[in-house]
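**Q** Fold the stuff below for me.
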Amino acid sequence: MDGARRTLLQGLDELERAQSNFKVTPQFSSRIYLHSLPEVEGSSPKEIAEEFSVVVDKLKSRLARRLIKLRVDEIETKVRVRSTDADGNPMVVPLRLVASSMEGEWLKTSAYIERPDPVTGITREYCVIGEGKEAICMLDPYDGANVIQTKRAIARRVGSTYAYDFLGLLEVGLIQEWDTYLSGLSSANSVPANMFEAQELLEGDDGELYLGKREIGTNKVGMVAWKVTMKTPEYPEGREVVFIANDVTVQSGSFGVPEDELFFKASKYARENKLPRVYIACNSGARIGLVDDLKPKFNIKFVDEASPSKGFEYLYLTDDVYKSLPEGSVNVEKVPEGWAIKDIIGTNEGIGVENLQGSGKIAGETSRAYDEIFTLSYVTGRSVDIGAYLVRLGQRIIQMKQGPMLLTGYRALNKLLGREVYNSQDQLGGPQVMHPNGCTHEVVDDDQQGVQSIIQWLSFVPKTADALPAVRESADPIDRPVEWKPTPTPYDPRLMLSGTDDAAGFFDKGSWKEYLEGWGKSVVIGRGRLGGIPMGAISVETRLVEKIVPADPADPNSREAVLPQAGQVLFPDSSYKTAQALRDCNNDGLPVIIFANWRGFSGGSRDMSGEILKFGSMIVDALREYEHPIYIYFPPYGELRGGSWVVVDPTINEEKMTMFSDPEARGGILEPAGIVEIKFRLADQLKAMHRIDPQLQMLDAELEAADNSDASAKAAIEDQIAAREELLKPVYLQAATEFADLHDKTGRMKAKGVIKEAVPWADSRTYFFYLAKRRIAQDGYVARLKAADSSLDSQSALEMLKGMCTADWEDNEAVLEYYTANDGAISSKIGEVKTAAIKAKIEELRAQL
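**A** Residues are numbered from 1 along each chain as shown. Okay, here's the model as predicted:
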């Protein structure tokens, strides 16, 4: 394996050097050829062919990014195998091993035994090795340039990958995901067989979709879709995902009526089956066209035939031409020259407004899909007009660096502005625009990395929209302490989630994945695993960050603006980001943990005009609508104050939200220094001085005993008192601040019932694991009870479970053990509830007769 990898790397290095030649075009196709001269002993040709297939699969997973970058479509190896003939005589069998993409599947392996002419030594036929294929021989194993290669070249020209080749990339990405997962486990797990299968969603004669296969490259519609079955670490038995992709090789990937219909039906299929839906976008927007048959047939009625520059009155058709046209293809009126054209209708579908109607149809379908199932879009090459709206309506976007999202091309804008302002599409919709503005969640370098990100994102998503989150086995012990601890000074909040090499963080090692990194930088959002349980996470940036507003090239007076944003403060963009993250995680079916550490909202005039109130209120809306557990936790030295407390208080959604705090965290209306300025002012501090300080008490006694007639003595005592007060002011200000701070500590929050429990940071990982796992099981039982008896609400169902539970209801681990041990008894109880509910319904109907 190592030797094969070294050899392939040498070939890739040579290709990379060749690629530097300016004559090499972006759509070229590469091949690697290796002729091994030493003869191989001890293995049969069939065994070598099988080993070659295994080696190529491994090399594809490890070197996929370079293979794609260098556009390697074929790898060929020729070896000589020492063997014996039927009579036992020694012989050498030439063997040709090929991994080729020429038939459509990416680097599909095949093997041939060469049969040379006994006289000339030139190979006269190539016989295929494989199950049931030994009798198949051919004169030439090399396919010439075919439709698939042409289509690949077209896709590469726009900076993308041919739509059908994404299936190969998905399989490679799945292998990489398994390799990464198994490398961290001590148990002897293995990669499952047949881990990837794709069935294309095809339209039948009746317009309905059916699952099937067709020869790659034969599609006439620029939209393709598959139902993919993948065996993932979360679902080793297999999970299904619907993939929809533009085929940029068919009319530039534009959206016509047939494309809109296939997209709509495939998305609807995903919704009806509650499956995740992934859209791979590479398109040129709504299809435009004209009735080309009329171009050579119309005439022009000029105002002055002798001077055409004076303009024209109308376009017309002669009588003979009009009569030769299909009925209804134009609307006309009679004129002396023939027939003046009023409307051109045409006979072909998909050249104008009907495409816009189809675009509206799939826009509405995508919006519905986001509300009902998991939707994810990957932008590669380009996505224009309706294509850009579709990916935004799906909300979650992965964007390739060379994949701009556009409403209008830069050349059209330059024409509109009357001067050359923009010089590339990236200035309008590249990652440098879409990542900082919150449209793009993640930016990737190439299609293989994009596919890998799709698989990683899917790993956090349940099998179906109504399923519970999938738990994968974790090598990171759940009972280990959280070693990386936040500090009182500003720090990177990502480290408390992911940890470092020396100090483990809250989530399982290597599981933290951040999204929307370039937007709303004062909040950090993402997903991670806690003991294998997928969770959404929202954390707070404690350091000063900068928001950059780029200059507009169309406005010569505009300048780039750098706006500082303080840590632990909610701004308009970070408020919107928080609400967006909650909506996404809710649709993903994930529990969420919010590491709350906000001092409040930014209320300056700039942010007030920037709609801070609107976006802050969206957080409340998102929490109120959340359908899965939400845990709000104050990390060490964290604080939650004022309006920022209000928008995450558990009373917003008591059924799903619970609040916790580290003993070293704080919560209150104002910070202690602010409270002191209002409620423990200098006068109160002076009273405390005179009540506590012995010297001031003595001076107060002397002043009271002093003779009123001796003004100088009283003045001297008052001066001493003033001097003593001045000396004590700093320490009593600190004492007053400490007094105010004691009102904000975890003990008072627990006593007042605003938090459920004080959870030390070191133990938080273990505590929240058992709580999350308990809630997953508990919420499942509650949902089943409510389904069994429609008269039950969540609280009633929970009380029923509590009545059955013999464990300490406040001990998450004990309750979880009870649920695990008594699942059968609980299921039986649910069955009894359902039977009783049906009987009650029957009695109710009888009473109404």
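**Q** Need the contact partners of the helix or strand K323 falls within.
**A** Per DSSP states H and E: K323 is located in helix 319-324. For helix 319-324, contacts defined as C-beta atoms under 8 Å, 6 or more residues apart in numbering pick out 297, 330, 332, 338-339. C-betas here are computed from N, CA, C, even on glycine.
**Q** Turn these into CSV, including pLDDT and neighbour count.
**A** Compiled in CSV, the contacts of helix 319-324 are given as follows (pLDDT from 0 to 100; neighbours: other C-beta atoms under 10 Å):
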residue, pLDDT, neighbour count
K297, 92, 14
V330, 92, 19
V332, 93, 16
G338, 92, 18
W339, 93, 21
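**Q** Give me the number of neighbouring residues for N331.
**A** N331 has 12 neighbours, counted by other C-beta atoms under 10 Å.
**Q** how about stretch 89-102: buried residues?
**A** 93-102 (16 or more other C-beta atoms under 10 Å).
**Q** which two in those residues are spaced the farthest apart?
**A** Greatest spacing in the buried residues of stretch 89-102, by C-beta to C-beta: V93 and S101 (26.5 Å).
**Q** how about the helices of the stretch 1-150 of the chain, start to end?
**A** 2-19, 45-69, 147-157 (DSSP state H, counting those that start in this stretch).
**Q** what's the closest of those to A758?
**A** Closest among the helices of the stretch 1-150 of the chain, once you apply C-beta to C-beta, is helix 45-69, at 46.6 Å.
**Q** Report back the residue of this protein that's furthest from centre.
**A** S709 (84.3 Å; C-alpha atoms, centre = their mean).
**Q** Looks to me like that residue is in a helix.
**A** No: under DSSP: H, G, I helix; E, B strand; the rest coil, S709 sits outside any helix and is assigned coil.
**Q** which residues in the stretch 451-600 of the chain form strands?
**A** 513-515, 523-530, 533-540, 545-549, 561-565, 569-570, 592-595, 600-601 (DSSP state E, counting those that start in this stretch).
**Q** now for the fourth one, which elements pack on it?
**A** Where contact means 3 or more C-beta pairs under 8 Å, 6 or more residues apart in numbering; DSSP states H and E, strand 545-549 is packed against strand 561-565.
**Q** orientation of the strand it packs on relative to strand 545-549 in degrees?
**A** 150 degrees (axes from the mean of the first three to the mean of the last three C-alpha atoms, to 10 degrees).
**Q** So what are the sheet partners of strand 561-565 and their directions?
**A** Its sheet considered, strand 561-565 pairs with strand 545-549 (antiparallel) by DSSP bridges.
**Q** Give me the contacts around the strand it pairs with.
**A** Contacts of strand 545-549 (C-beta under 8 Å, 6+ apart): 436, 521-522, 560-565, 567, 571, 573.
**Q** got the buried residues for that strand?
**A** For strand 545-549, by 16+ other C-beta under 10 Å, it's 545, 547.
**Q** so is I362 in a helix, a strand, or just coil?
**A** helix.
**Q** Can you report how many residues lie near it?
**A** I362, neighbours per other C-beta under 10 Å, totals 25.
**Q** Tell me, what's the model's pLDDT at it?
**A** You'll see I362 listed with a pLDDT of 96.
**Q** separation between it and K265?
**A** 10 Å (C-beta to C-beta, to the nearest Å).
**Q** Over to E654?
**A** For E654, the distance to K265 - C-beta to C-beta - is 41 Å.
**Q** So for those two, which residue has more residues nearby?
**A** Between E654 and K265, K265 has the larger neighbour count (other C-beta under 10 Å), namely 18 against 11.
**Q** Test my guess that the more buried one contacts G204.
**A** No: contact between K265 and G204 fails when scored by C-beta atoms under 8 Å: they sit 10.7 Å apart.
**Q** where do the strands sit along the stretch 651-800 of the chain?
**A** 657-661, 666-668, 757-758.
**Q** for the record, mean pLDDT for the last one?
**A** Read that as strand 757-758. 95.
**Q** Note down every partner strand of that strand and its orientation.
**A** strand 657-661 (parallel).
**Q** Scan this protein for its longest strand.
**A** The longest strand of the chain (DSSP state E) is strand 72-84.
**Q** how many neighbours does G824 have?
**A** 8.
**Q** Double-check that it belongs to a strand.
**A** No: applying three-state DSSP, one finds G824 to be helix, outside a strand.
**Q** After the helix holding K323, which helix or strand is next?
**A** strand 330-335.
**Q** packing partners for that following strand?
**A** In terms of contacts (3+ C-beta pairs under 8 Å, 6+ apart), strand 330-335 is packed against strand 312-317, strand 338-344.
**Q** how about these, which one is nearest L682?
**A** strand 338-344 (83.8 Å).
**Q** mind checking how far that closest one is from the chain centre?
**A** In terms of C-alpha atoms, centre = their mean, to the nearest Å, the centre of strand 338-344 is found 52 Å from the chain centre.
**Q** Adjust the sequence numbering to begin at 15 for everything that follows.
**A** Okay, using 15 as the starting number, the last item reads as strand 352-358.
**Q** surely Y126 meets V107?
**A** No: contact criterion C-beta under 8 Å: Y126 and V107 do not qualify, at 10.8 Å.
**Q** what's the burial count for H757?
**A** 15.
**Q** for it, what are its contacts?
**A** 682, 689.
**Q** try 10 Å
**A** Taking C-beta atoms under 10 Å, 6 or more residues apart in numbering, we find H757 in contact with 680-683, 686, 689, 693, 763.
**Q** Could you report the distance from it to P686?
**A** With distances taken as C-beta to C-beta, H757 is found 8 Å from P686.
**Q** before we move on, what about R788?
**A** 36 Å.
**Q** again with Y640
**A** For Y640, the distance to P686 - C-beta to C-beta - is 32 Å.
**Q** what sits up against the helix or strand bottoming out on mean pLDDT in the chain?
**A** In the chain, the helix or strand scored least confidently by mean pLDDT, DSSP states H and E is strand 151-152, which has a mean of 73. Contact with strand 151-152 is made by 126-127, 129, 138-142, as judged by C-beta under 10 Å, 6+ apart.
**Q** Among those, name the ones in strands.
**A** 126-127, 129, 138-142.
**Q** ok, of those residues, which one's closest to G252?
**A** Once C-beta to C-beta is applied, the member of those that ends up nearest G252 is V142, at 30.2 Å.
**Q** For the closest residue to that closest one other than its chain neighbours, give me its contacts.
**A** Spatial nearest neighbour of V142, excluding adjacent residues (C-beta to C-beta, 6 or more residues apart in numbering): I150 at 4.6 Å. Residues in contact with I150 (C-beta under 10 Å, 6+ apart) are 126, 140-144.
**Q** Over to R508?
**A** 519, 526, 528, 531, 538, 540, 553, 555.
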